[in-house]
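S.K.: give me coordinates for this.
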Amino acid sequence: MQQKIFSQLRNKVEGKATGKFGYTILVTKLKDCSPGVLNEDTGNAHFKVQYFALVFRPFKGEILPAEVKSISKQGFFAQAGPLEIFVSSQLMPEEFKYDTSTGAPTFVELDEDDDIRIRVGTMVRIKLVGLRFAADDISVIGTIKDDYLGPFI
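M.R.: Take a look at the predicted model:
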């Protein structure tokens with residue numbers, strides 16, 4: 001019975017966001033399980049459980065590596081594990097300009113030696129500046145304007 005409850009718990013919470021705890025990556029073990037209560041309408045048993053889990057919870061000011069997933073004139077979206085981060089063009093150094101001359105949208109920094117491009121698939125270092133926790137989602141705004149942030153070179 002414990003194994004079935006553990007399996008149902010993992011299916012219900014793993015890979016999902018909960019507001020104050022962040023993303024549940026893995027349920028490691030059950031701590032406590034109450035006796036079941038039957039639902040007379042469906043015949044299902046409901047159990048109150050306490051469990052240990054590995055979670056990913058972002059914090060304001062945290063610096064994360066992320067992969068760029070999409071680019072528009074307003075900025076780009078990047079993925080850091082289960083977390084999707086939006087970086088606005090106002091939160092990028094002024095040297096980065098939106099460019100579509102290569103066919104795909106990119107942000108390019110023209111340098112004396114070579115040009116540095118942010119395109120889909122580029123790994124970037126992002127500082128989290130804003131977080132909003134909803135019941136089942138986490139919205140994040142990031143910046144690459146500070147020192148040592150931006151694309152990995």
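S.K.: surely Val124 is in contact with Gly150?
M.R.: Yes: assessed by CB atoms under 8 Å, Val124 is found in contact with Gly150 at 5.9 Å. The C-beta positions use only the backbone N, C-alpha and C, and glycine is treated the same way.
S.K.: mind checking how far Ala80 is from Ser89?
M.R.: 19 Å (CB to CB, to the nearest Å).
S.K.: do you know how far Cys33 is from Asp136?
M.R.: The separation that Cys33 has from Asp136, given CB to CB, amounts to 24 Å.
S.K.: between these two, which one's more packed in?
M.R.: Legend: neighbour count by other CB atoms under 10 Å for Cys33 and Asp136, higher for Cys33 (16 against 9).
S.K.: surely that one touches Lys4?
M.R.: No: contact criterion CB under 8 Å: Cys33 and Lys4 do not qualify, at 10.9 Å.
S.K.: can you map out the strands along the chain?
M.R.: 17-18, 22-33, 37-38, 45-46, 49-56, 63-72, 75-80, 83-88, 96-99, 106-110, 115-118, 123-133, 138-143, 150-151 (DSSP state E).
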